[in-house]
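S.K.: With the input below, show me the fold.
(chains A and B)
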Amino acid sequence: MEPLISIRLDNPRKHYYSGDTLHCQHQVDRIDPAHIHAIEVSVLWYTEGKGEEDLGVHYFERHVSGQQTPDLRIFKEFSVALPMSPLSYEGIIIKIQWCTRVRVFLRNGTEHVHDQPFLLGNIPVAQIIEP
Amino acid sequence: MARFFRLWGKKRGDRRTGSSWAGEIGEAAFFVALLVLGTLLLLQFWQGHSLDGSADESVLSLTFGVMCLLLILGTVGLVYTIIQLRISTERRVALARQASQLPVRQQATNPADLYHQVPQDTDLTNSPGIRLAYRLPANESPVWQIGAAVTFFLLWVTITISLSVAVLSQYSIDDPNWLLMFIMVACTVVGCWSIFYLWRQLRRHAGIGPTSVEISDHPLHPGHEYALFLSQAGHLQLESFRIALVCQESATYRQGTDTRTSIQPVYSQELLYREKIEVEAGIPFEQDCEFQVPLEVMHSFQGTHNAVQWKLRIDVQTREWPPFQRTFPVVLYPPPVRSREDS
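M.R.: Prediction:
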């Protein structure tokens, strides 16, 4: 059975502006703690569209299961100030998407990822124009 | 069966059909095979060489080199694959970013660290203008085109003359070498074309003349107003002269072994349009204009494969020459910080 990954952002509209502080709470559930090897949490942007994917990580933390943290399922939270750029963008052949991502590594070698997208900035959707 | 086992998968850049796990295993197996092959061959080579020392020295070193290369390729590839195997993309990017970070004191003064993925404008603001603050560099420089034409012309003429001298010195009326004669004639034709092409490029460059754009401030900020000064030299009769602030998306992707770039214009604002202008030699056409950058637009963005580029584009139609276009890149910064309440 797949683990249940929950991510909750403090802004219910999931819309932030540059300089805002993003407050995130996350938790992994529905899995035996002994099966979890590590958990990675990141705030990142990536591109979608016609080109190859570009990706930038703004915030990153990694928790490895050990004697100090035997149960990685516990509720965790973090806060991070959002950067000036790149802003979320919905273009014609390029889209820039921001998200909070939790990646769970299990001891059997499998990974499970969950993204919580959010908007950074207020750039309107691009329109096609004649060259 | 085909659902579980495919002989071929489709791949576009880093994205592919099929299991990435199987791909990683296959990659690791390939490098292990190289490593094992290199080691076995090297062991066999040493045993054989110690028994029979009569082989040629150069052949021995070549064989030894190839085996060492196999060994190195296998080892490096395997280590790289293992490192990649259990590291997520985010962690890799975070590690790379951490490794490239400058000391904190320097970061605070560098705008590149404040505006991530926004290109720097140092190359755009290193040339002061005569009337306004900065003279913007053009994207396309005619020097490269003319330089390429001159290089080709010189190389081809040298080859043609050398070939002609060699062919004509051995020419015999009784037994002419028709193949060499044909090659000589073909080279002469290409040489004539290169002279014509070079002459056309030089004439065009001299006739059209340089275009110069100066701007009152840089980088650009949304909502701000800027002044422009334009100058077009040469000896021309302009049918139309248009300058626009444009924005385009640029996406680079791999298709098979080719790398392609796709361009999509997403914004265009005409700043100036003039018709029927005569430009005399030594008296350039000059024009001032002002413009305001719109508020809600995407800022300049530069990723590894994707970009949002802003530029000032000049389109000129003349009587004597085909229409030509010159572009001057600019950098547009993101809007200033504002709170949720402001929006």
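S.K.: Please name the residues that touch the residue nearest the centre of chain A.
M.R.: Chain A has A:Thr100 as the residue nearest its centroid, 1.8 Å off, counting by CA atoms, centre = their mean. For A:Thr100, the contact set (CB atoms under 8 Å, 6 or more residues apart in numbering or on different chains) comprises A:Ile7, A:Leu9, A:Leu22, A:Cys24, A:His26, A:Val41, A:Ser42, A:Val43, A:Asp115, A:Gln116, A:Phe118. Just so you know, the C-beta spots here come from the backbone N, C-alpha and C atoms, and that holds for glycine as well.
S.K.: could you redo the last one with a cut-off of 6 Å?
M.R.: When contacts are counted by CB atoms under 6 Å, 6 or more residues apart in numbering or on different chains, A:Thr100 touches A:Ile7, A:Cys24, A:Val43, A:Gln116.
S.K.: Wait, a strand at it?
M.R.: Yes - membership of A:Thr100 in a strand is supported by DSSP: H, G, I helix; E, B strand; the rest coil.
S.K.: pLDDT score for it?
M.R.: Here the pLDDT value assigned to A:Thr100 is 97.
S.K.: for the one 3 residues further on, same thing?
M.R.: A:Arg103 is assigned 94 on the pLDDT scale.
S.K.: which SSE is it in?
M.R.: Here A:Arg103, judged by DSSP states H and E, is contained in strand A:94-106.
S.K.: what angle separates the helix or strand just after that strand from strand A:94-106?
M.R.: Scanning forward in sequence from strand A:94-106 by DSSP H and E, the next helix or strand is strand A:111-120. Strand A:111-120 runs at 150 degrees relative to strand A:94-106, counting by axes from the mean of the first three to the mean of the last three CA atoms, to 10 degrees.
S.K.: Let me know whether strand A:111-120 sits next to chain B.
M.R.: No - Strand A:111-120 lies out of reach of chain B by CB under 6 Å from any CB of the partner chain, never closer than 7.4 Å.
S.K.: which residue is nearest the centroid of chain B?
M.R.: B:Thr261 (9.9 Å).
S.K.: Distance check, it against B:Ser268.
M.R.: Using CB to CB, to the nearest Å, one gets 20 Å for the distance from B:Thr261 to B:Ser268.
S.K.: Spell out which parts of chain B neighbour chain A.
M.R.: Counting by CB under 6 Å from any CB, the residues of chain B lying close to chain A are B:13, B:88, B:90, B:93-94, B:114-118, B:249, B:251-253, B:262, B:264-266, B:268, B:296, B:298, B:301, B:303-306, B:334, B:337-338.
S.K.: So among those residues, which ones count as buried?
M.R.: Among the residues of chain B next to chain A, those buried by neighbour count (16 or more other CB atoms under 10 Å in any protein chain shown) are B:88, B:90, B:93-94, B:114-118, B:249, B:251-253, B:262, B:264-266, B:298, B:301, B:303, B:305-306, B:334.
S.K.: Please enumerate the helices of the chain.
M.R.: Looking at chain A here, since you left the chain open. Applying DSSP state H to chain A gives no helices.
S.K.: sorry, should have said chain B
M.R.: Remark: helices assigned in chain B by DSSP H are B:20-51, B:57-85, B:89-100, B:104-107, B:111-114, B:142-169, B:178-208.
S.K.: The last one packs against which elements?
M.R.: So that's helix B:178-208. helix B:142-169 (3 or more CB pairs under 6 Å, 6 or more residues apart in numbering or on different chains; DSSP states H and E).
S.K.: cool, and the third one?
M.R.: In this structure, helix B:89-100 makes packing contacts with strand A:55-64, judged by 3+ CB pairs under 6 Å, 6+ apart.
S.K.: Is the strand it packs on in proximity to chain B?
M.R.: Yes - looking at strand A:55-64 against chain B by CB under 6 Å from any CB, the contacts come from A:Leu55, A:Val57, A:Phe60.
S.K.: what sits against B:Leu163?
M.R.: For B:Leu163, the contacting residues are B:Met184, B:Cys187, by CB under 6 Å, 6+ apart.
S.K.: Which pLDDT value does the model give it?
M.R.: The model reports B:Leu163 with a pLDDT of 86.
S.K.: That one and chain A, how far apart?
M.R.: Distance, B:Leu163 to chain A, by CB to the nearest CB, to the nearest Å: 45 Å.
S.K.: do B:Asn139 as well
M.R.: Here the criterion is CB to the nearest CB. By it, B:Asn139 lies 15 Å from chain A.
S.K.: count of neighbours near the residue nearest to that residue when sequence neighbours are not counted?
M.R.: Closest residue to B:Asn139 apart from its sequence neighbours, by CB to CB, 6 or more residues apart in numbering or on different chains: B:Thr327 at 4.4 Å. B:Thr327 has 19 neighbouring residues, counting by other CB atoms under 10 Å in any protein chain shown.
S.K.: May I have the beta-bridge partners of B:Thr327?
M.R.: For B:Thr327, the beta-bridge partners are B:Arg313 (DSSP bridges).
S.K.: Bridged to the closest residue to B:Asp288 other than its chain neighbours, which residues?
M.R.: Nearest non-adjacent residue to B:Asp288, counting by CB to CB, 6+ apart: B:Phe229, 5.5 Å away. Beta bridges link B:Phe229 to B:Glu214, B:Asp288 when assigned by DSSP bridges.
S.K.: what's near enough to touch B:Phe229?
M.R.: Counting by CB under 6 Å, 6+ apart, B:Phe229 makes contact with B:Arg131, B:Leu132, B:Glu214, B:Asp288.
S.K.: Among the residues you listed, filter down to the buried ones and hand me the PyMOL syntax, if you would.
M.R.: Buried residues among the contacts of B:Phe229 (16+ other CB under 10 Å), as a PyMOL selection:
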select buried, chain B and resi 132+214
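S.K.: now B:Val246, which residues is it bridged with?
M.R.: Beta-bridge pairing for B:Val246 (DSSP bridges): B:Ser268, B:Lys311.
S.K.: Distance of A:Glu53 relative to A:Glu111?
M.R.: A:Glu53 sits 17 Å away from A:Glu111, going by CB to CB.
S.K.: Please identify which of these two sits among more neighbours.
M.R.: A:Glu53 (17 against 14).
S.K.: Tell me the predicted confidence for the more buried one.
M.R.: A:Glu53 is assigned 93 on the pLDDT scale.
S.K.: ditto for B:Gly9
M.R.: Predicted confidence (pLDDT) for B:Gly9: 59.
S.K.: Same question for the one 10 residues further on.
M.R.: Among the per-residue scores, B:Ser19 holds a pLDDT of 67.
S.K.: And the contacts of A:Thr100, which two are furthest apart?
M.R.: Greatest spacing in the contacts of A:Thr100, by CB to CB: A:Ile7 and A:Val43 (10.6 Å).
S.K.: neighbour count winner among these two?
M.R.: Neighbours per residue, other CB under 10 Å: of A:Ile7 and A:Val43, the larger number sits with A:Val43, 24 against 16.
S.K.: Nothing else from me, thank you.
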